[in-house]
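>>> Sequence first, then the predicted structure, then my questions.
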Amino acid sequence: MEFVRNFPCISIMLCLFAGIISSGLRGRAAMWLNTALLVINTVLNAFTLVYTLASGTSYVYVMGKFPAPWGNEIRAGVLEALLALFFCIIMLLSLLGGRHKLAEEVEESKIYLYYVLTDLLLSSLLALVYTNDMFTAYVFVEINTISACGLIMIRQNGRTIEAAVRYMIMSLLGSGMLLLGLCMLYDLTGHLLMSNMKESVALIVAEGQYTLPLIVSIVLMSVGLCIKSALFPFHAWLPDAYGYSTVSSAAILSSLVSKGYIFLLIKIIYRVIGFDIYHDTRIIDVLFLFGLMGMIFGSTSAIKETDIRRMIAFSSVAQIGYIYMGFGMGTQAGMTASIFHILSHAATKSLLFIAAIGLTDVSGGSRKFIELTGSGYRNKWAGVAFTVGSLSMVGVPLFSGFISKLLFSQAAVLNHTKMLPALIVLGISTILNAIYFMKTVIRIYTPVGDTAYPSMTFRDMPVYAAVLAAFIVLNIILGISSQPVVDMIQQGLAMFS
Amino acid sequence: MGANLFTNYGEAVAMILFGIGFGNLLLQPNLIKKIIGLNIMDTAIYLFLAEKGYIAGRIAPIVTDGVQDMEAYINPIPSGLVLTGIVVSVSVSALMLSLTIRLYRRYHTLDLDEISKRLKKEDL
C-alpha cells in the first residue's frame, strides 16, 4: 500500500505528459488519450482517498531530494483526495456530455487543442488541490487561468473572444494581488511551504509584530482569489464566458475552475494563516457580506435573463455567494457546509449546462425561453435531467442541493451574531431560485401543438443520455447518503489543522 | 512611519507602480494600454521581490573564495521567484496580445467598450 503515496504526484505528471503528447496527435486520438487519462486519474485518486481514509492521517510527499524548509512538497489528506476524485469524475462526465457539440462548434483542425487545454487544466486543478507550496500554487493558478481562457475562446466568434479578454483581465488582476500578497507573506515568514509558513505566522502573531503587513497580505490574497472565483462584485465577466463558450467548457469552468481557487483559499485559511488568526482579521465579515449580496443579486439577475445558458451562469454567481457565506460564518460547521456545497454545486451546475444544450438542440438551436416551450417533451432525457438539476438547486429533499442548504442553516443557527441575516438571505435566495428554475421547468413542459422541431430519443444520443443518467445518480447519491461525505469533509478539515 | 518609508523607498516605489499598473489594467478602455498596465503591475512585484531579496554588502551565494559563512551571502530564492514570475507574465502578455489581434481584425478597434457595444448590436 505504500506505493499509493506516489499517486497524487503521478496523476499530476500524467496530465502534463498527456497534454504534451496530445499536441502532436490528431483530434480523435487526443480525445481518446484524454478520456483514458481521466479514467486513470479517477482510479488513482480513488486509491489515494481509500489510502488516506484507511490510515486516518495525511501524508507529505517530498518532491526531489531536498527536505522540508527548502524543497517542494505535495500533501495528501482525505479532503484533497476527495476533491481531486470529484474533479476528475465531473470533468470526465462534462467532456463526454458535450462531445457531440464540440464537433459542431470547433473547427476540425483545432479539436486536439481543446484536449491539450483540458489536460493542462486538470493538471493545474490537481496541483492546486495537492500542493503544499505557495509559489507552486501561484504558478498553477496562472496555468489554470491560461487554459481556462483557451477553453472559452476555442469556439471562435466575437462574443467568446470578448468574453475571454474580459475573463483574462479580471483573472490577471486577481493573480497580481495573489502574487503580491504571497510575496509579502514570504518576506514576513521567510518560507514558501505552507506548514512552515503557518509556524512562522503563529510566532509573528504571538509576538505582536508586523500586524499591519500581515493583515495587508491576507487581504490581498483573499481578495485576489475572490476576484478569480467570481464572488459577487467581480462577476461581470462570468455570464458571457459561461453563456457563449462551448457547453463542456461552460460546465468545466463553472463547476471546477472557480472551485479550484476557492479550495486554494481554504488551504490558505487553514494551512498558511491558521483558522483562528484568519478569523480575527475580520476579513471573514467582508466575505460574509459579499456572499450574502451575491446570493441575492445573482438570483435577481438570473430572473431577468431570457437566455437559458446565461440564466444558469447567473445562478452560479448566487451559488458562489453561498460558498463564501459559509466561509464568513467563521465556524467549522460553516466551512463544512461550504465544502459540501462545492461538491453539490459542481455536480448540479454541470448537469444543468449539459441538459440545457439538449433542450436547445431540439429547439432549433435557440436559447431563448420562448423557443424552448415544450422542449422537455421533444428531448425527454434532457428534460428530466434539467428538472432534477433545478430541483437540486432550489433545495428539494432527495437531491444534493437540499443537504447543502440544510448544512448552511445548521451552521447559521450555531453562530449567534450572523444567524438572522444568514437565515433571512437563505430564505429569500431559495425563493428566488425557485422562481427562475421552476419558471424554466414549467416552460419546457408546457405542451405546444404542432412544432417544426424534431424530437430526440435515446437511440439518437446514447452517450449523452448515459452521461445525464450518471449525473442524476451522482446528485441523488450526494442527496441521500450525504453523511459519509460530510464525515469525510470533517475528517479532512481536522487533518488540515 | 515617515523614516521607514524613506529607508524602504524601493518597496514604496514598487507599491506605487503596482497601483498604477492595477489601475491601468482595470480602467483603461484601450486593450494595448491594459496590457502595458499588466506589465507595469507584474514588474512592480518583481521590483518588490528584488528589493526584499537584496542585502547591502552581501553577494550572490556562489562560493569561489572558500567563504562559507551565511552572513556573506544573500538568499537566492527571491531572485528565483522573479525569474519564474517573468516567465509567467511573458506568456500571459503573449496570450493577451494574441487575443487583442483577433479582436482588432474583427472589429478594427482596440476600445473594449466599443467592441461590447457592437457585439450587442450583432446579437449572436
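Cool, got the structure.
>>> in chain B, what residue sits furthest out from the centroid?
Largest separation from the mean C-alpha position in chain B: residue B:66, at 36.8 Å (Cα atoms, centre = their mean).
>>> Phi first, then psi, for it.
When quoted as degrees, to the nearest 10, the phi and psi of residue B:66 stand at phi 80, psi 0.
>>> so residue A:451 sits in a strand?
No - looking at residue A:451 with DSSP: H, G, I helix; E, B strand; the rest coil, it is coil, so not inside a strand.
>>> and chain B, which residues reach chain A?
Residues of chain B found near chain A (Cβ under 8 Å from any Cβ of the partner chain) are B:18, B:21-22, B:25-26, B:31, B:34, B:38, B:41-42, B:45, B:48-49, B:52, B:77-78, B:81, B:84-85, B:88, B:91-92, B:95-96, B:99-100, B:102-103, B:106-107, B:112, B:115-116, B:118-119, B:122, B:124. All C-beta spots, glycine's among them, are computed from the backbone N, C-alpha and C.
>>> per-domain residue ranges of chain A.
A:1-269, A:282-497 (automatic domain parsing).
>>> I'd like to know which of those lies nearest to chain B.
Chain B lies closest to domain A:1-269 among these, at 4.8 Å (Cβ to the nearest Cβ).
>>> Now the terminal residues of the closest one, how far apart.
Distance between the two ends of domain A:1-269: 31 Å, counting by Cα to Cα, to the nearest Å.
>>> Please apply the same query to stretch A:259-276.
Start to finish, the residues bounding stretch A:259-276 are 23 Å apart (Cα to Cα).
>>> Please tell me how far it is from the chain's geometric centre.
Relative to its parent chain, stretch A:259-276 has a centroid offset of 15 Å by Cα atoms, centre = their mean, to the nearest Å.
>>> is any part of that stretch close to chain B?
No - using Cβ under 8 Å from any Cβ, stretch A:259-276 never reaches chain B; the gap is at least 16.0 Å.
>>> any idea whether the most centrally placed residue in chain B is helix, strand or coil?
Nearest to the geometric centre of chain B sits residue B:42, at 1.1 Å (Cα atoms, centre = their mean). Under the three-state scheme (three-state DSSP), residue B:42 adopts helix.
>>> sorry, back to before: narrow the residues of chain B next to chain A to just the buried residues.
Buried by 16 or more other Cβ atoms under 10 Å in any protein chain shown: B:18, B:21-22, B:25, B:31, B:34, B:38, B:41-42, B:45, B:48-49, B:52, B:77-78, B:81, B:85, B:88, B:92, B:95-96, B:99-100, B:102-103, B:106-107, B:112, B:115, B:119, out of the residues of chain B next to chain A.
>>> show me where pLDDT drops low in the stretch 301-450 of chain A?
Along the stretch 301-450 of chain A, segments meeting pLDDT under 70 span A:450.
>>> can you give me the strands for it?
Using DSSP state E, counting those that start in this stretch, no strands are found in the stretch 301-450 of chain A.
>>> Do a quick rundown of the helices in it.
A:308-329, A:332-361, A:369-372, A:375-378, A:380-394, A:400-414, A:419-444 (DSSP state H, counting those that start in this stretch).
>>> Please list all residues in contact with the nearest residue to residue B:20 once chain neighbours are set aside.
Excluding the flanking residues, the one nearest residue B:20 by Cβ to Cβ, 6 or more residues apart in numbering or on different chains is residue B:40, at 5.9 Å. Residues near residue B:40 by Cβ atoms under 8 Å, 6 or more residues apart in numbering or on different chains: B:17, B:20, B:21, B:24.
>>> can you pick the most crowded of those?
residue B:21 (22 neighbours; other Cβ atoms under 10 Å in any protein chain shown).
>>> Please name every helix or strand in contact with the host helix or strand of it.
Element membership of residue B:21, judged by DSSP states H and E, is helix B:9-27. Helix B:9-27 makes packing contacts with helix A:158-189, helix B:31-53 when contacts are defined by 3 or more Cβ pairs under 8 Å, 6 or more residues apart in numbering or on different chains; DSSP states H and E.
>>> Would you reformat those as CSV and include distance to residue B:72 and mean pLDDT?
Below are the helices and strands packed on helix B:9-27 laid out as CSV (distance: least, Cβ to Cβ, whole Å; pLDDT from 0 to 100):
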stretch, distance to residue B:72, mean pLDDT
helix A:158-189, 21, 92
helix B:31-53, 15, 93
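>>> closest to residue A:95 out of those?
Shortest separation from residue A:95 across these is recorded for helix A:158-189, at 18.2 Å, computed as Cβ to Cβ.
>>> do the closest one and chain B meet at all?
Yes - Helix A:158-189 reaches chain B (Cβ under 8 Å from any Cβ) through A:158-159, A:161-162, A:164-166, A:168-169, A:172-173, A:176-177, A:179-180, A:183, A:186-187.
>>> how much does that helix deviate in direction from helix B:9-27?
Angle of helix A:158-189 versus helix B:9-27, following axes from the mean of the first three to the mean of the last three Cα atoms, to 10 degrees, is 160 degrees.
>>> Tabulate the domains of chain A (a markdown table), appending mean neighbour count.
Listed next are the domains of chain A as a markdown table, based on neighbours: other Cβ atoms under 10 Å in any protein chain shown:
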| stretch | mean neighbour count |
| --- | --- |
| domain A:1-269 | 21 |
| domain A:282-497 | 20 |
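>>> Serialize those domains to TSV and add fields for distance to residue B:7.
Below are those laid out as TSV (distance: least, Cβ to Cβ, whole Å):
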stretch	distance to residue B:7
domain A:1-269	15
domain A:282-497	29
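>>> Can you say which of those is nearest to residue B:59?
domain A:1-269 (19.7 Å).
>>> Grab the longest helix from chain B for me.
Assignment by DSSP state H gives helix B:77-107 as the longest helix of chain B.
>>> Against which helices or strands is it packed?
Using 3+ Cβ pairs under 8 Å, 6+ apart as the contact test, the elements touching helix B:77-107 are helix A:134-153, helix A:158-189, helix B:31-53, helix B:112-122.
>>> The first one and chain B, any residue contact?
Yes - in terms of Cβ under 8 Å from any Cβ, part of helix A:134-153 sits within range of chain B, namely A:135, A:139, A:142, A:145, A:146, A:149, A:153.
>>> Need the worst-confidence member of these.
Least confident of the residues of helix A:134-153 next to chain B in the model: residue A:153, at 88.
>>> check contacts around that one.
Contacts of residue A:153 by Cβ under 8 Å, 6+ apart are A:160, A:161, A:163, A:164, A:245, B:99, B:102.
>>> Leaving out the residues flanking it, which one is nearest to residue A:433?
Using Cβ to Cβ, 6+ apart, the closest residue to residue A:433 is residue A:394 (4.9 Å).
>>> Could you do residue A:14 as well?
Spatial nearest neighbour of residue A:14, excluding adjacent residues (Cβ to Cβ, 6+ apart): residue A:37 at 6.1 Å.
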